[in-house]
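Asker: here's my sequence, what's the structure:
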Amino acid sequence: MTNPTRTLGDVQVSPIGLGGMPMSIEGRPDEARSIATIHAALDAGITLIDTADAYHLTATDVGHNETLIAKALASYGGDTSNVVVATKGGHLRPGDGSWTQDGSPAYLKQAVEASIKRLGVEAIGLYQFHRPDPKTPYEDSVGAIRDLLDAGKIRQAGISNANPDQIRQANEILGGRLVSVQNQFSPRFRSSEPELELCDELGIAFLPWSPLGGISSAGDLGDKHPAFHTLASELGVSPQKLTLAWMLAKSPVVIPIPGSSRPETIRDSYSAIELTLTPDQVATLDAA
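Answerer: Have a look, this model is predicted:
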């Protein structure tokens, strides 16, 4: 049986990806468990791994997650030629736990070169502008992404943490080549519905980040969202699996990227592709 896929620009990827952030920021596990998690994702059929140069702890281990993913792919016994590693730039962690932005073209071009080196690739599969920088005009930041695309440094371009106007603007600047939008979306965080609907209309992949509510909240998703708990119990699945199935049912452009740092959690997440919900069930969760 061939695994189902979803469209990401000019490639097909698994309907659910792996978010790498929990393996590199606060509370991260030891490297062996992280690599086992990435290998479990690949074994399950995942072909999209999402990372960023800002997924690290201190100023001395910038790009920790990119390096980790490159190591896991290199040590995997199977074929990884169809795996898309998506990374991001423009959001920084100085090392004190805070987040800052630098969307200047000079920084983004330098960041791409560093990410290429850490990932050990000739060109990045999908590069996403991580977060708008109030100090830099949005068109300048996206213009730098366009230049990188034209130069062949990145194969495909996306944006993250964007509103509908920015999605339209970015697609225009990129000459219709915007392939993805990565925004926060979960049972708790529904305010990206307009962006999801716009992506559906334009045929652009929508990648929900923190689809299960974030590192600290994913475990008790069912407790916080009774409708998800009730339906999950009726179906005999975890609330997390139900949540991802709900997102997949909302639109064919949705590709959730749940973060994981344990083999068992990414396997459970990926099994959501086997769960088909009725329109009534989707409507119940939409209204919850």
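
Asker: retrieve the pLDDT associated with residue 98.
Answerer: Confidence at residue 98, expressed as pLDDT, is 86.

Asker: got the buried residues for stretch 251-269?
Answerer: By 16 or more other Cβ atoms under 10 Å, the buried positions in stretch 251-269 come out as 253-263, 265-269. C-beta here means a position set from N, CA and C on the backbone, and glycine is covered the same way.

Asker: what of stretch 92-110?
Answerer: So, applying 16+ other Cβ under 10 Å, buried residues of stretch 92-110: 92, 93, 101, 102, 103, 104, 105, 107, 108, 109.

Asker: check stretch 191-202 too.
Answerer: 192, 195, 196, 198, 199.

Asker: mind listing which of the residues you listed are in helices?
Answerer: Assigned to helices by DSSP state H, the following of the buried residues of stretch 191-202 qualify: 195, 196, 198, 199.

Asker: tell me the spacing between the second one and residue 114.
Answerer: Taking Cβ to Cβ, to the nearest Å as the criterion, residue 196 is separated from residue 114 by 31 Å.

Asker: on that earlier part again, show me which of the buried residues of stretch 92-110 is closest to residue 224.
Answerer: Nearest to residue 224 among those is residue 93, at 27.3 Å by Cβ to Cβ.

Asker: look up phi and psi at the spatially most distant residue from the centre of the chain.
Answerer: Taking Cα atoms, centre = their mean, the residue of the chain most remote from its mean C-alpha position is residue 234, at 29.2 Å. Backbone torsions of residue 234, given as degrees, to the nearest 10, read phi -60, psi -40.

Asker: now, the buried residues of stretch 251-269 that are in helices?
Answerer: Using DSSP H, those in helices are 263, 265, 266, 267, 268, 269.

Asker: same list (the buried residues of stretch 92-110) but as TSV, adding distance to residue 39 and pLDDT.
Answerer: Output for the buried residues of stretch 92-110, formatted as TSV (distance: Cβ to Cβ, whole Å; pLDDT from 0 to 100):
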residue	distance to residue 39	pLDDT
92	29	89
93	26	89
101	33	95
102	33	96
103	34	97
104	37	98
105	37	98
107	33	97
108	31	98
109	33	97
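
Asker: now, which of these lie within strands?
Answerer: 92, 101 (DSSP state E).

Asker: closest to residue 45 among the buried residues of stretch 92-110?
Answerer: Nearest member of the buried residues of stretch 92-110 to residue 45, counting by Cβ to Cβ, is residue 93, at 31.3 Å.

Asker: contact partners for the nearest residue to the closest one once chain neighbours are set aside?
Answerer: Using Cβ to Cβ, 6 or more residues apart in numbering and skipping residues adjacent in sequence, the residue nearest residue 93 is residue 54, 4.9 Å away. Residue 54 is in contact with 62, 88, 91, 92, 93, 99, 130, counting by Cβ atoms under 8 Å, 6 or more residues apart in numbering.

Asker: how near is the nearest residue to residue 200 once chain neighbours are set aside to residue 79?
Answerer: Excluding its sequence neighbours, the residue lying closest to residue 200 (Cβ to Cβ, 6+ apart) is residue 251, at 4.4 Å. The gap separating residue 251 from residue 79 is 30 Å, by Cβ to Cβ.
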